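A.B. asks: okay, predicted coordinates and the sequence, questions at the end:
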Amino acid sequence: MRQRAVRLWTTGTILLAAGLLLGACGGGSKASALKGKITVPASNQVVTTTSGPAATAPATTTAPTGTVSLSVTSSVYSALLQAWISWAASNHVAQIMPSDVTSPAPGSVFYASDGPTKTSWAIAMFTLSSSGQRLLAPGATPDNANALTDGGQRPTFTMKPGSPWTVVDASAGPPCGIPQAVLKVWSFPFGSSVCAAATAPTTTPPPTPPAGLAAIAGNYEGSTGSSGALFIRSDGASRFTDVDLTACPSCSTASAPEATVDFSLKTITATGPPGSYRATGLITAESDPADARTFAGPVGATVVVTAYPPNTLTDAAPQYPALRISFLPDNDVLTKL
């Protein structure tokens, strides 16, 4: 049976690691378009040797002082393959056998040493053999069915001196966790701008500055005959006017004299959607203290004004802003004129 490269998208056969990575940013169909246009450094060809698997980096080896692309020997490839098989098993992706993977093609494995960080990096593009196609059958990997087709066959590896190769990324996106110096020596077909855009922090808009008392300044009228009226000045000076039934218990609301309660609002904060505020202040004067004490309290008592945007309170004309005063019943809503 002819061996096939596994597709990661609906179009575009996996050709090599660089083509796949660009496809992740711009669509799978570009993978085929890259064929023949990427120059693969000679150091990225798999060189057959008779040495054993390089499972760990020799602790006594002198690391390069800079970042260099290294030859991919058969021992390096074997160690990467074993690390990938272990990763797939431990992450419940699939039980992969070495025979399930084809021999590496030129340009399918990238290997480099980053001297400044004393870290080795590698990317391997594993292609499933005819026997490995069983891993893509429906239900073959029930715990993580999409892992092999969502970047799982193009893992990124790292290795520290004295430690084994470890899979650090198996996603289908650009390898932005790899140092740019390493990507540069590999001649990947994108620059630092791709990863810079992918990893740029989300810009948080500056907080809305505290609302000034002018936001609720104006004239307000009660929704009932006994709700009174309120004037708020832009500096917070306020006057509530209502009928004085204490001075004339027998009067109707139409014939009763008026009494006023003055208070000064000092602080205001936004509390929700635009137009929602809470302002706090103190009573400063009362025209009829006996009457004011029955509902507002004495001079020096705290007053809270809660403002609402239009179409919020059912007890007010819906098209206008409205507010409540803490010393009035909740159904006594004042609407802005």
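C.D. replies: Perfect, I can see it now.

A.B. asks: what sits up against whichever strand or helix holds D242?
C.D. replies: Secondary-structure element containing D242, defined by DSSP states H and E: strand 237-243. Under the criterion Cβ atoms under 8 Å, 6 or more residues apart in numbering, residues 225-232, 251, 253, 256-265, 281, 296, 305, 325 lie in contact with strand 237-243. Quick note: C-beta positions are derived from backbone N, CA and C, even for glycine.

A.B. asks: just the buried residues of those residues.
C.D. replies: Those of the contacts of strand 237-243 that meet the buried threshold are 227-232, 256, 259-265, 281, 296, 305, 325, by 16 or more other Cβ atoms under 10 Å.

A.B. asks: so what strands line up beside the strand holding D242?
C.D. replies: If you go by DSSP bridges, strand 237-243 pairs up with strand 229-232 (antiparallel), strand 258-270 (antiparallel).

A.B. asks: what is the mean pLDDT for the last one?
C.D. replies: Translated: strand 258-270. Here the mean pLDDT over strand 258-270 is 93, rounded to a whole number.

A.B. asks: immediately after it, which helix or strand?
C.D. replies: strand 277-286.

A.B. asks: contacting residues around that following strand?
C.D. replies: Contacts of strand 277-286 (Cβ under 8 Å, 6+ apart): 211, 213, 215-216, 236, 238, 259-271, 292-293, 296-307.

A.B. asks: buried residues in the helix or strand following that strand?
C.D. replies: Next in sequence after strand 277-286, counting helices and strands by DSSP H and E, comes helix 289-293. When burial is assessed from 16+ other Cβ under 10 Å, helix 289-293 yields the following buried residues: D291, A292.

A.B. asks: tilt between the helix or strand that comes right after helix 289-293 and strand 237-243?
C.D. replies: Next in sequence after helix 289-293, counting helices and strands by DSSP H and E, comes strand 302-308. Angle of strand 302-308 versus strand 237-243, following axes from the mean of the first three to the mean of the last three Cα atoms, to 10 degrees, is 90 degrees.

A.B. asks: partners of strand 302-308, with directions?
C.D. replies: Sheet pairing of strand 302-308 (DSSP bridges) gives strand 277-286 (antiparallel), strand 322-325 (antiparallel).

A.B. asks: for D288, what are its contacts?
C.D. replies: D244, T246, A247, A259.

A.B. asks: for T127, see how far away the last one is.
C.D. replies: Computed with Cβ to Cβ, to the nearest Å, the distance linking A259 and T127 is 89 Å.

A.B. asks: once you drop chain neighbours, what's closest to P318?
C.D. replies: In space, and not counting its chain neighbours, P318 is closest to N311: 4.8 Å by Cβ to Cβ, 6 or more residues apart in numbering.

A.B. asks: ramachandran coordinates for the one you found?
C.D. replies: N311 has phi and psi values of phi 60, psi 30 when expressed as degrees, to the nearest 10.

A.B. asks: that one and P321 touch, don't they?
C.D. replies: No. N311 is beyond contact range of P321, at 9.9 Å (criterion: Cβ atoms under 8 Å).

A.B. asks: neighbour count winner among the two?
C.D. replies: Just comparing N311 and P321: by other Cβ atoms under 10 Å the higher neighbour count belongs to P321, 23 against 14.
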